[in-house]
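Trainee: return atomic coordinates for the entry below.
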Amino acid sequence: MFILCMDIGKTKTLAVALNDRGDVLGKFISGPSGMWLKEETVIKNVREAISGCLSISKLSLKDIGLISISWADLDTPEDWKNAWGVVEKIGIERDKVLIEHDAVAAYYAVTLGEPGVAVIAGTGSIGFGINRRGERMRSSGWGWLIGDEGSAYWIAVRALNAVSRAYDGRGEKTILSKMILEYFNIESELEILNKVYKELGCDPTEISRIAKIVDEAASRGDKVARRILRDAGRELALTALCVIRGLDMENEKIIVGGLGSVFKSKIVKDSFLTFIRKWAPNAIVKEPLVGEESILGPIVIAFKKLKLNISEENLRVILDKIIANSRKA
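Mentor: Next up, the predicted model:
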C-alpha cells in the first residue's frame with residue numbers, strides 16, 4: 001500500500017509518500033496551510049504539496065491507500081469543519097484520510113503512543129499528552145495574541161520589546177538593537193514600527209523569523225538574548241508540566257519530549273530539558289525533534305492505523321531516507 005503523510009503548519013506544508021515497508025518514494029514542500037490562514041491559501045498550498053509529492057513519487061492520487069495529516073490550528077469544531085472542507089474541495093476521498101491536530105501528531109512522534117507528553121515549539125507552541133487510562137489533555141496553544149509562550153513568535157516579540165526598552169532607556173543595552181536594525185535594513189529603532197505594523201502587517205510568521213537573530217545574539221554572549229531563550233525553555237517545560245499534573249502522571253515513568261524549530265537553539269533546548277528533569281524526575285526525557293522530524297507524527301499514526309510494526313529504529317531509518325531524498329532533490 002502507498003501512504004501519503006503530511007505535516008501542515010504555519011510555516012510550511014510538507015508531504016512525503018512512502019509504502020507500507022517504510023520506503024520513501026518522494027517529498028515536496030509548499031507554503032503554510034495552518035487553518036487560521038485564508039481558505040484559498042490553504043487549498044493552494046495543500047494541493048501544491050500533494051501534487052508535487054505525487055509527481056516526484058510517480059504516483060497518482062488513486063494509488064494512495066491512506067493519507068495521514070498533521071494539521072495546525074484545529075482548535076474548534078469550525079476549524080475541523082473547514083479542514084474537511086479543504087479535503088473535499090481538493091477532491092480527495094474522505095474515507096481514506098486521517099486528520100489529527102499537530103499537537104496530537106507531535107505526541108505520537110515523541111512517544112510512539114506510549115503515555116507521555118510532547119511540546120511543539122515552532123511559530124506557535126502547544127503541549128499535548130495521553131496517560132495510561134487514555135485520558136487526553138492540551139496546554140498552551142492560545143495563539144500569538146494570547147499565549148504561545150516559548151514559541152518563535154513569543155521569542156521575537158520579547159526581543160523587539162527589549163530593543164524598544166533599550167532605546168528608551170527603560171531596559172539594558174543589547175546587541176539585538178544593532179542586529180534587528182541590520183535585519184530590517186533601517187537606521188533607527190523607531191522605524192521598526194513601520195516595518196512591523198505596516199510592511200509586515202503584524203504577520204506572526206514573518207515576525208517569528210526574528211527568533212533566529214535572538215539565538216545568534218545569545219551565541220555572542222548577549223545577556224538579554226540569553227535570558228529570553230532561557231525563559232522560553234522554562235515556559236515550554238511549564239507547558240509540559242501542566243499536562244503531566246493534569247493527567248496525574250507526576251510519579252509515573254512517562255515519555256516527555258519536544259518538537260519544532262525553536263529547539264534548534266541549544267539554550268532553549270537545555271533550559272527545557274533542565275526544567276523537565278527538575279519538575280518530572282521520573283520521566284524519560286527525550287531529545288527534542290527538529291526540522292523535518294515533525295513528519296514522523298503522521299507516519300506513526302498511519303502505521304498504527306494499518307497495524308504495522310513501528311519502532312524508533314524504523315522511524316530513524318525512514319527519517320534518514322527522507323533526508324536522503326531531500327539531497328537528491
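Trainee: can you give me the helices in this structure?
Mentor: Using DSSP state H, the helices of the chain run over 39-57, 77-90, 102-111, 152-168, 176-184, 191-193, 204-208, 210-219, 223-246, 266-279, 296-305, 312-328.
Trainee: counting contacts, what elements does the first one pack onto?
Mentor: For helix 39-57, the packing partners by 3 or more CB pairs under 8 Å, 6 or more residues apart in numbering; DSSP states H and E come out as strand 2-8, strand 13-19, strand 24-30, helix 77-90. (C-beta placed from N, C-alpha, C; glycine too.)
Trainee: roughly how far apart are residue 190 and residue 33?
Mentor: Distance of residue 190 to residue 33, given as CB to CB, to the nearest Å: 35 Å.
Trainee: before we move on, back to that, so which of the helices and strands packed on helix 39-57 is the most packed in?
Mentor: Neighbour counts (mean count of other CB atoms under 10 Å) averaged over each of these peak at strand 2-8, with a mean of 26.
Trainee: gap between that one and the chain center?
Mentor: 16 Å (CA atoms, centre = their mean, to the nearest Å).
Trainee: next one: stretch 53-68
Mentor: Remark: stretch 53-68 is offset 24 Å from the chain centroid, using CA atoms, centre = their mean.
Trainee: mean confidence score for it?
Mentor: The average pLDDT for stretch 53-68 rounds to 93.
Trainee: packing partners of the worst-scoring helix or strand of the chain on mean pLDDT?
Mentor: Sorting the helices and strands of the chain by mean pLDDT, DSSP states H and E puts helix 312-328 at the bottom, at a mean of 71. The contact analysis (3+ CB pairs under 8 Å, 6+ apart) places helix 312-328 against strand 13-19, strand 24-30, helix 296-305.
Trainee: mind redoing it with 6 Å?
Mentor: Judged by 3 or more CB pairs under 6 Å, 6 or more residues apart in numbering; DSSP states H and E, the packing partners of helix 312-328 are strand 24-30.
Trainee: CA atoms only for the strand it packs on - export them in CSV, please.
Mentor: Extracted C-alpha coordinates of strand 24-30, given in CSV (Å, rounded to 0.1, in the frame of the first residue of the first chain):
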residue,chain,number,x,y,z
VAL,A,24,10.3,6.8,0.9
LEU,A,25,9.2,7.5,-2.6
GLY,A,26,9.2,11.3,-2.7
LYS,A,27,8.7,14.5,-0.8
PHE,A,28,7.6,18.0,-1.5
ILE,A,29,7.4,21.3,0.5
SER,A,30,5.0,24.1,-0.2
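Trainee: mind putting the helices and strands packed on helix 39-57 in JSON lines, distance to residue 313 and mean pLDDT included?
Mentor: Listed next are the helices and strands packed on helix 39-57 as JSON lines, based on distance: least, CB to CB, whole Å; pLDDT from 0 to 100:
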{"stretch": "strand 2-8", "distance to residue 313": "18", "mean pLDDT": "94"}
{"stretch": "strand 13-19", "distance to residue 313": "16", "mean pLDDT": "92"}
{"stretch": "strand 24-30", "distance to residue 313": "16", "mean pLDDT": "90"}
{"stretch": "helix 77-90", "distance to residue 313": "32", "mean pLDDT": "92"}
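Trainee: what would those look like in JSON lines with distance to residue 71?
Mentor: Shown next, in JSON lines, are these (distance: least, CB to CB, whole Å):
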{"stretch": "strand 2-8", "distance to residue 71": "5"}
{"stretch": "strand 13-19", "distance to residue 71": "10"}
{"stretch": "strand 24-30", "distance to residue 71": "14"}
{"stretch": "helix 77-90", "distance to residue 71": "6"}
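Trainee: and among the helices of the chain, the most buried is which?
Mentor: helix 102-111 (a mean of 28).
Trainee: taking helix 296-305 as reference, get the angle to it.
Mentor: Note on geometry: by axes from the mean of the first three to the mean of the last three CA atoms, to 10 degrees, helix 102-111 and helix 296-305 are set 80 degrees apart in direction.
Trainee: that older thread, okay, the helices of the chain in CSV with distance to residue 119 next?
Mentor: Formatted as CSV, the helices of the chain follow (distance: least, CB to CB, whole Å):
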stretch, distance to residue 119
helix 39-57, 25
helix 77-90, 21
helix 102-111, 8
helix 152-168, 13
helix 176-184, 25
helix 191-193, 30
helix 204-208, 17
helix 210-219, 16
helix 223-246, 5
helix 266-279, 8
helix 296-305, 13
helix 312-328, 19
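Trainee: residue 29 pairs with what?
Mentor: Residue 29 has the following beta-bridge partners by DSSP bridges: residue 14.
Trainee: measure it to residue 9 for me?
Mentor: Distance from residue 29 to residue 9, by CB to CB: 11 Å.
Trainee: isn't residue 249 right next to residue 130, touching?
Mentor: No - Residue 249 is beyond contact range of residue 130, at 9.6 Å (criterion: CB atoms under 6 Å).
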